[in-house]
Every structure is written in C-alpha cells, then in structure tokens.
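Enquirer: Any chance you can model this:
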Amino acid sequence: MKKGIHPEYYEINVTMTDGNTVKMYSSVNKDMVLSTDNLNHSAWTGQRNNAGEKGQRATKFKSKFAGFKF
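Expert: This is a model prediction of the structure:
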C-alpha cells in the first residue's frame, strides 16, 4: 500500500437496536447507535410493510395501461 494516502482507522463501538454493542473499525472516530439493523429491517425479518396491498399493485398497473398493447 502507498504510504500517506489512506485514512486512519479507529476502533469504535456500534450499539445495535437490541442494546448489544459490537466493536468495529472506522475512519470516523465516533461511536454509533443504529436505528435499523438486521433485527428489525424487513429485508432480514421477512415482514413487509405493504402486506395488505397484495395483488393491488398489479391490478392498478393493468387498469392504468389497459389501452396499450404489450
């Protein structure tokens, strides 16, 4: 690696949403508190916010573009 062009790395504490802390390295010397992580984000939990709209999006699309030939 070339000398003098890389930032300094610091050991920081990252606090997860459940209160657990994890030590990580960052170029920003500041501890972080997460508001979203793998414990509550829908990408990891499998829960969707728009679950009540099942099938409505396709119906809305078909009615909006009913006159076009695809």
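Enquirer: Return the set of buried residues in stretch 15-22.
Expert: Residues of stretch 15-22 classed as buried: Met16 (neighbour count, 16 or more other CB atoms under 10 Å). Placement of C-beta: from N, CA and C, glycine included.
Enquirer: Start the count at 24 instead of 1 going forward.
Expert: Sure thing, new numbering starts at 24, so read that last one as stretch 38-45.
Enquirer: How far away from the center of its chain is that stretch?
Expert: 16 Å (CA atoms, centre = their mean, to the nearest Å).
Enquirer: likewise stretch 47-57?
Expert: Centroid separation for stretch 47-57 versus its chain: 17 Å, with CA atoms, centre = their mean.
Enquirer: who does the helix or strand of the chain with the lowest mean pLDDT touch, helix- and strand-wise?
Expert: Lowest on mean pLDDT, DSSP states H and E among the helices and strands of the chain sits helix 65-68, with a mean of 72. Here helix 65-68 touches no other helix or strand, going by 3 or more CB pairs under 8 Å, 6 or more residues apart in numbering; DSSP states H and E.
Enquirer: Specify the next element, helix or strand, located C-terminal of that helix.
Expert: helix 79-87 (DSSP states H and E).
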